[in-house]
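1. Sharing a model prediction with you, sequence too.
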Amino acid sequence: MINHKILVVEDEERLAGILADYLHQANFEAHCLADGTGVVSWVREEQPALILLDLMLPGRNGMDICKEIRTFSDVPIIMVTARVEEIDRLLGLELGADDYICKPFSPREVVARVKAVLRRSQGQQAVQAEGLTLDQTTYRATLNGHDLALTAVEFKLLHYLAANPGRLFSRPQLMEKIYPDQRIVSDRTIDSHIKKLRKKIASTTPDQELIHSVYGVGYKFEA
């Protein structure tokens, strides 16, 4: 049974093929990209469970890709590179990478590291409450078995609220959490996301209100 979608970003065709084969044998659904240009858009659309990301790529380097992905997703990222300088290792992890593998490597070791990172991320990022299931490794949200089809920002907002049930958050606190790149947005942006979340929740379960507002203060999650 296929259990997770893994994106392999590697410009060495033979190596990418070997990694994909080993991942398939371990029951992962492997997808390969050889150019860095389209990686971010692919991740936004396909929402993989984990990314194996080479550092040196044609079109765009892995560092920049990792940094941009971290502005909208917490998907686990394992950096893969032949550059072993310690500064590269530190930079990769500081940009949000979850692990780092240096070439040459054993494909079996890569699969083992993939499994370990997924286990760690799932343990930290899965939230369940009153029929609501949020899996941040796949960015999938279901309510009573129905897919809510959330955007990445909507998912991140709902996940943060649901992971802290009963806790009241102000709009600035929520903006800081879902926009870590500190982009300039209106505090009413949060209201807009909340409105859309409530609409999607109501379309699935009309009588179940999960996000509560406190006038003049902010929002909280209570099932």
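-> Looks like it arrived, so ask away.
2. Wait, residue 167 touches residue 222, no?
-> No. Between residue 167 and residue 222 there is no contact under CB atoms under 8 Å: 9.7 Å. C-beta here means a position set from N, CA and C on the backbone, and glycine is covered the same way.
3. For the chain, just list every one of the helices.
-> 13-25, 39-46, 62-69, 86-94, 107-125, 152-162, 171-178, 188-204 (DSSP state H).
4. Specify the stretch among those helices that is closest to residue 143.
-> With CB to CB as the measure, helix 188-204 is the member of the helices of the chain nearest residue 143 (4.9 Å).
5. Next, the angle helix 171-178 makes with the closest one.
-> Helix 188-204 and helix 171-178 are oriented at 80 degrees to each other (axes from the mean of the first three to the mean of the last three CA atoms, to 10 degrees).
6. so what's the residue nearest to the spatial centre of the chain scoring on pLDDT?
-> When CA atoms, centre = their mean is applied to the chain, the residue found nearest the centroid is residue 75 (2.6 Å). Looking at residue 75, its pLDDT reads 90.
7. do the same with residue 191
-> pLDDT recorded at residue 191 is 92.
8. That one and residue 141: what is the separation?
-> Using CB to CB, to the nearest Å, residue 191 is found at 20 Å from residue 141.
9. Those two - which one has more neighbours?
-> Ranked by neighbour count (other CB atoms under 10 Å), residue 191 and residue 141 place residue 141 first, with 24 against 13.
10. For the residue nearest to that one when sequence neighbours are not counted, give its distance to residue 11.
-> Spatially, and ignoring its direct neighbours in sequence, residue 141 is nearest to residue 148 (4.4 Å; CB to CB, 6 or more residues apart in numbering). Remark: distance between residue 148 and residue 11 (CB to CB) = 36 Å.
11. Of the two, give the one with the bigger neighbour count.
-> The neighbour comparison of residue 148 against residue 11 (other CB under 10 Å) goes to residue 148, with 20 against 16.
12. Please tell me how far residue 14 sits from residue 107.
-> Residue 14 sits 12 Å away from residue 107, going by CB to CB.
13. any idea how the protein splits into domains?
-> In terms of domains, the chain is parsed into 5-122, 132-221 (source: the TED database).
14. can you give me the offset of the shortest one from its chain's centre?
-> Meaning domain 132-221. 16 Å (CA atoms, centre = their mean, to the nearest Å).
15. So for that domain, first residue to last residue, what's the gap.
-> 12 Å (CA to CA, to the nearest Å).
16. related to what we said a few turns ago, so the residue nearest to the centre of the chain is in contact with residue 48, correct?
-> Yes. Between residue 75 and residue 48 there is a contact at 6.3 Å, judged by CB under 8 Å.
17. which residues touch the residue nearest to the centre of the chain?
-> Going by CB atoms under 8 Å, 6 or more residues apart in numbering, residue 75 touches 43, 47, 48, 49, 50, 51, 69, 136, 137, 139.
18. Check residue 78 too.
-> Residue 78 makes contact with 50-53, 97-101, 110, 113-114, 117, according to CB under 8 Å, 6+ apart.
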